[in-house]
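Engineer: just a sequence and a predicted model for now, questions to come.
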Amino acid sequence: MLNIDLSVFPNPVSDKLNIQINGSNELVIHDLVGQEVWRGFISQKAIIDVSGIQCGAYIISTKIDDTIYSKRFIIN
């Protein structure tokens, strides 16, 4: 079993979302109704500009093997 550490900060965020994950993975950001608003591939650390995304609650997730790892964050 893999030990995945997915961190997103600051939370809430207004412009730059910092992401850290152990490994290289494709990440997806969805709003709470399931609409995809961002998709990208990161390797360990990334900063995503979320200033163009509407304010609200979102979920960032990655799938490794058959397991989905996710974190919830807020854009204000």
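Structural biologist: Alright, I've got the coordinates.

Engineer: point out where the protein drops to low pLDDT.
Structural biologist: Flagging of the chain using pLDDT under 70 yields the residue ranges 1-2.

Engineer: tell me which residues are up against the helix or strand hosting Tyr58.
Structural biologist: Tyr58 is part of strand 56-64, with elements assigned from DSSP states H and E. For strand 56-64, the surrounding residues in contact (CB atoms under 8 Å, 6 or more residues apart in numbering) are 2, 4, 6, 8, 19, 21, 23, 25-32, 37, 68-75. For the C-beta atoms, the positions are set from N, CA and C on the backbone; glycine is no exception.

Engineer: among those, which are in strands?
Structural biologist: Helix and strand membership here follows DSSP state E; of these, those in strands are 6, 8, 19, 21, 23, 25-31, 37, 68-75.

Engineer: buried subset of these?
Structural biologist: 6, 8, 19, 21, 25, 27-30, 69, 71, 73, 75 (16 or more other CB atoms under 10 Å).

Engineer: can you pick out the most distant pair from those?
Structural biologist: For these, the farthest-apart pair by CB to CB is Asn25 and Ile75; their separation is 21.3 Å.

Engineer: quick one on the thing from earlier: adjacent strands (with direction) for the strand holding Tyr58?
Structural biologist: If you go by DSSP bridges, strand 56-64 pairs up with strand 16-31 (antiparallel), strand 67-75 (antiparallel).

Engineer: quick check, central residue of the chain?
Structural biologist: If you average the C-alpha coordinates of the chain and look for the closest C-alpha using CA atoms, centre = their mean, you land on Ile60, 3.1 Å from that point.

Engineer: separation between it and Gly23?
Structural biologist: 15 Å (CB to CB, to the nearest Å).
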